[in-house]
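Participant: Prediction below, plus the sequence it came from.
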Amino acid sequence: MDVRDETLRFNPAALPDSYFPKTAKVEEELYPKHYLIPGTVFSSGEPFIVTTILGSGVAISLWDDKAKVGGVNHFTLPEGEQTGNTKIAAEANAELLRQVLQRGVSISSLRAGIFGASQPPVGFSNAGKSIGTRNLEAAEAFLAQHGILVAKRETGGIRGRKLVFNTSDGSTLARQL
């Protein structure tokens with residue numbers, strides 16, 4: 001088989017349903033699904049089940065229970081040149097907030113979740129803080145700067161996580177892999 005064959009490219013929409021864990025509060029069959037690729041942002045005023053896989057990267061979820069609006073990002077770099085690249089914390093966080101606020105919610109009614117920031121089981125003596133720790137610090141600083149309450153948090157550890165987020169009510173399932 002030729003590896004350049006278009007059918008071999010990764011397509012998150014083609015993942016089997018068994019790949020997506022069930023959430024406790026919703027019947028998934030009633031909601032469309034979206035797989036969030038690292039370095040992207042998703043928001044909606046309609047109910048969606050958003051899934052992503054996190055390692056040292058961080059996902060911030062934002063939602064407003066009354067307006068039934070939510071969004072989530074997945075960034076992988078704590079800092080970098082700001083050129084609109086949503087792999088970088090500052091860019092991804094600003095874009096997520098912009099998208100959610102465009103849907104008519106007030107910043108004071110938003111609640112947040114922070115997920116990811118795992119640490120590799122090996123360390124390097126000259127590396128300083130791990131990238132997971134620096135990603136987490138960037139997320140916390142952004143939310144504090146904007147006065148957004150962190151209502152949910154599952155971070156750290158040495159293993160990655162699968163995150164499932166409901167945009168309409170902020171319910172999540174985050175489990176280590």
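Facilitator: On my side now, so go ahead. Numbering: from 1, shown residues only.
Participant: From now on I want contacts and neighbour counts done on CA atoms only, so please keep to that.
Facilitator: OK.
Participant: Out of the helices and strands in this protein, which is least certain?
Facilitator: Counting by mean pLDDT, DSSP states H and E, the chain has its least confident helix or strand at strand 172-176, which shows a mean of 92.
Participant: Buried residues in that strand, which are they?
Facilitator: In terms of neighbour count (16 or more other CA atoms under 10 Å), strand 172-176 has its buried residues at 172-174, 176.
Participant: In contact with the residue most central in space within the chain, which residues?
Facilitator: In the chain, the centroid-proximal residue (CA atoms, centre = their mean) is Ala59; its distance is 2.8 Å. Remark: with contacts taken as CA atoms under 8 Å, 6 or more residues apart in numbering, Ala59 is in contact with 72-75, 113-116.
Participant: Identify each buried residue in stretch 161-171, please.
Facilitator: 161-171.
Participant: which one of these sits closest to Ala144?
Facilitator: Gly170 (19.0 Å; CA to CA).
Participant: Show me the shaky parts of this protein.
Facilitator: Screening the chain residue by residue with the criterion pLDDT under 70, one finds the ranges 1-29, 123-127.
Participant: Which stretches in it count as helices?
Facilitator: Per DSSP state H, the chain has helices spanning 89-102, 131-145. These are given in chain order.
Participant: in the first one, what counts as buried?
Facilitator: Think helix 89-102. For helix 89-102, the neighbour count (16+ other CA under 10 Å) marks 89-93, 95-97, 99-101 as buried.
Participant: what two of the residues you listed are the furthest from one another?
Facilitator: Pairwise distances among those were taken by CA to CA; the largest, 18.1 Å, belongs to Ala89 and Leu101.
Participant: Farthest-apart pair in the buried residues of strand 172-176, please.
Facilitator: With distances taken as CA to CA, the most widely separated pair in the buried residues of strand 172-176 is Thr172 and Gln176, at 13.2 Å.
Participant: of all the helices of the chain, which lies closest to Ser108?
Facilitator: Among the helices of the chain, helix 89-102 sits nearest to Ser108 (CA to CA), with 10.5 Å.
Participant: Show me what that closest one packs onto, helices and strands only.
Facilitator: When contacts are defined as 3 or more CA pairs under 8 Å, 6 or more residues apart in numbering; DSSP states H and E, helix 89-102 packs onto strand 41-44, strand 58-64, strand 69-73, helix 131-145.
Participant: quick one, which of these is nearest to Thr51?
Facilitator: Closest approach to Thr51 among those (CA to CA): strand 69-73, 9.6 Å.
Participant: ok, the closest one: who's next to it in the sheet?
Facilitator: With DSSP bridges as the test, strand 69-73 is paired with strand 41-44 (antiparallel), strand 58-64 (antiparallel).
Participant: Now do Asn166 against Pro47, distance only.
Facilitator: 7 Å (CA to CA, to the nearest Å).
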